[in-house]
Every structure is written in structure tokens, then in C-alpha cells.
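> no sequence on hand, only this structure:
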């Protein structure tokens, strides 16, 4: 008897290796996972890579107690970094992610040919919905059109029904990252359906409300978490029990940089659902996502944000103004050109 999505998962893994990585015979791809990862996803990816003549190397790790640099104490840093420094490609399925950890930083700095793809916490059903069943070509066209519009903007406003009311200037010297799933070139890549950019930190002001999920430490949110923002920093946190949990989590690091806003993203994957898995939550259609804490110098040359960890929170049903033009209203695309592409995506 076939397991849930057994056949669809095979197709999704082929899309990952053939179309996204464009993996070639003889290349080495490292697949990392931890003891909270979905074994079916790991094995499907390894099988697909092997069928292409590549050399998959699967590395299983104990799940760390934290993510990013907070994972370092439980990682075999030297051994893991050495393996990654000698690979052609790396897909991360770890639930407690290695992104922005010390092995990640070493590999990205020293291995200039490495193609890294962040698919943290990827489960079988998620992989089918956000990779296997998505029209990659049309989604890419849509994402790059929004990216172009955002890069040209000087000032932005974001509102949500839950109370987010933020404005900021864009930082033209920092690159806007369009994640359309293409992982065929060296560098850091993310799952398709997200556009990430870095505002001028000191210009971010207003109210930020997370109403979808917050990872870490809360997961799915039962009540909104309300933050006062000035000059790109969280000055006050209000809400229910989860807001207090979040405040305590940030304070526990004893690191002022954990209260800094690091980046903002659009979510645009037609298969994504709000599940508590931040990889998918960040791509829920019409959301915006804000990261706090650590920011790599790769993303924001030359210093980034040197913080002890990183978290990401979701603002659902966002309304977006690019300069004075509104392109989204409560998560619904308003721009006429973008609407045509949305119609193609949903066919």
C-alpha cells in the first residue's frame, strides 16, 4: 500500500534535483537533516540525486536546542564545515536549522562553488504543495516583476488588519533577493515564493504585529504579538502569554541586537499554508515576514547584524504601498499586470 504522497513526493524530489539544482552527474550534494526531520523527504531527495549520477551524502545530526549560532554548541563544527567546503551543492532539511550557524558561515565563505538551498523543516506534504504542484515558470515571472517594482521604490508602507502599521525607506545599496527556487548557481538560495529586502534600519518606525506564527520560540500564534518600533528596534512588546514568552526569549540572550529588525519579505507561494513551519509560513500568499536578530554580512555588507540568534514572524493579509501606489490590499494583488500572472498561477 502506497504511503501518503509517495508518488507525488518522488516527482517533487525530481523537480528539486533536476530543475532547481540542475544537478549534474559526478557532482557531490550534501543533504543535512536532524532527528526532527522527515526521513521520507531526505530519502526521496537522495534517490533522485543518485538517479542523476550525482553523489549524495546524507548527514544526520542530533536536533540542537536552538537555531543559527545558538545551534553551535551541539554541532560537530569542524567536521561538518569540512564536508560542506568540499561539496558542489547542499540542501538543508534540518528542523533546527543550520542557516547562519558557524559551519554555514565557514562553508559560504570558503566554498565559492557551493549551491546552498534552505528547505528547513520540509515535510512530505509541504514538499508536494510548495514544490511539486507549483508552476515554477509563471511564479518566477510574477516574483521578478514584484522584485523590480520594490527595487525601484524609495519609501514603503505596510498595513494589516491585525494592526501592523509600518513605514520605512529602502536601502538601495543592499540587494533585493528574489527566491524563485533556482538553485543552479553558487550562493545561498531559498524555497520559491519569497522576496526579501533590507530597509534602511534607522528609518523603520510604527507598529509591528505578528499574527500568523513566530519561530522561534512560539510557533503558531493564538494571539497577536504587538511591538512598538523606532529606528529599526523593538522598544516594547505587548499581548498575551506568547508575547511574554517572546519577550523573555529575546531578553535571555542578553544581546541588544536581538531586538533589531533585520529584514522584511513578501510571501507568494500559491501552495503554502500557515502550519507553524516557518519555511512554509513565510510564503503564505499575501503575508509579509520580518526577521529579528542576526543578519549575515553577505546579505547586508559590510557588517550585517552580529546577534546571537534569529527569529522570523508572520504578518497575514498585508496591504502594501510602494511609494504612493498600493499594489496589495489585505493580501490580494491589485496591480493589473500582476493580476494576470496570478490568474495563470491558479489554473
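Looks like it came in fine. What you see is a predicted model, and the numbers here were worked out from it, not measured in a lab.
> which residue is nearest the centroid of this protein?
In the chain, the centroid-proximal residue (C-alpha atoms, centre = their mean) is residue 279; its distance is 5.4 Å.
> let me see the contact set for that residue.
Counting by C-beta atoms under 8 Å, 6 or more residues apart in numbering, residue 279 makes contact with 118, 119, 120, 121, 122, 126, 191. Any C-beta I mention is one placed from the backbone N, CA and C, and that applies to glycine too.
> ok, now residue 178?
143, 144, 147, 195.
> so residue 231 touches residue 199, yeah?
No - Residue 231 lies out of contact with residue 199 (C-beta atoms under 8 Å); the separation is 11.3 Å.
> neighbour-wise, which of these two wins?
Using other C-beta atoms under 10 Å, the more surrounded residue of residue 231 and residue 199 is residue 199, with 21 against 13.
> which residues does the nearest residue to that one once chain neighbours are set aside bridge with?
Once flanking residues are discounted, residue 199 sits nearest to residue 168: 4.1 Å by C-beta to C-beta, 6 or more residues apart in numbering. For residue 168, the beta-bridge partners are residue 156 (DSSP bridges).
> measure how buried residue 168 is and give me the count.
21.
> got it, and residue 184?
Count around residue 184 with other C-beta under 10 Å applied: 14.
> ok, residue 256 next?
Residue 256: 10 surrounding residues under other C-beta under 10 Å.
> what about the nearest residue to residue 267 once chain neighbours are set aside, neighbour count?
The spatially closest residue to residue 267, leaving aside those adjacent along the chain, is residue 287, at 3.9 Å (C-beta to C-beta, 6+ apart). Residues lying near residue 287 (other C-beta under 10 Å) number 25.
> what sits against residue 287?
Residue 287 neighbours (C-beta under 8 Å, 6+ apart): 212, 266, 267, 281, 314, 315, 316, 317, 318, 331.
> and it, how far from residue 215?
Counting by C-beta to C-beta, to the nearest Å, the gap between residue 287 and residue 215 amounts to 14 Å.
> surely residue 50 forms part of a helix?
Yes - counting by DSSP: H, G, I helix; E, B strand; the rest coil, residue 50 is located in a helix.
> torsion angles phi and psi at the closest residue to it other than its chain neighbours?
Excluding its sequence neighbours, the residue lying closest to residue 50 (C-beta to C-beta, 6+ apart) is residue 56, at 5.5 Å. Main-chain torsions, residue 56, degrees, to the nearest 10: phi -80, psi 140.
> now for residue 56: which residues touch it?
Going by C-beta under 8 Å, 6+ apart, the list of residues near residue 56 reads 28, 29, 30, 31, 45, 46, 49, 50.
> so can I have a markdown table of the residues you listed showing neighbour count and secondary structure?
A markdown table is the format used below for the contacts of residue 56 (neighbours: other C-beta atoms under 10 Å; DSSP: H, G, I helix; E, B strand; the rest coil):
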| residue | neighbour count | secondary structure |
| --- | --- | --- |
| 28 | 16 | strand |
| 29 | 25 | strand |
| 30 | 22 | strand |
| 31 | 23 | strand |
| 45 | 27 | helix |
| 46 | 19 | helix |
| 49 | 27 | helix |
| 50 | 13 | helix |
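> in TSV: those, plus distance to residue 337 and pLDDT.
TSV is the format used below for those (distance: C-beta to C-beta, whole Å; pLDDT from 0 to 100):
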residue	distance to residue 337	pLDDT
28	42	98
29	37	98
30	40	98
31	38	98
45	35	98
46	41	98
49	37	98
50	42	98
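> closest one to residue 182 out of these, please.
When the contacts of residue 56 are compared for distance to residue 182 (C-beta to C-beta), residue 29 comes out closest, at 15.8 Å.
> contact partners for the closest one?
17, 21, 23, 49, 54-57, 87-91.
> how near is residue 176 to residue 300?
12 Å.
> err, residue 106, not the other one
On the measure of C-beta to C-beta, residue 106 and residue 300 end up 19 Å apart.
> next one: residue 40
For residue 40, the distance to residue 300 - C-beta to C-beta - is 36 Å.
> give me the buried positions along stretch 204-221.
Going by neighbour count (16 or more other C-beta atoms under 10 Å), the buried part of stretch 204-221 is 204-216, 218, 221.
> which stretches in the stretch 51-200 of the chain count as helices?
77-84, 102-110, 124-127, 136-151 (DSSP state H, counting those that start in this stretch).
> what helices or strands is the first one leaning on?
In terms of contacts (3 or more C-beta pairs under 8 Å, 6 or more residues apart in numbering; DSSP states H and E), helix 77-84 is packed against strand 28-34, strand 55-61, helix 102-110.
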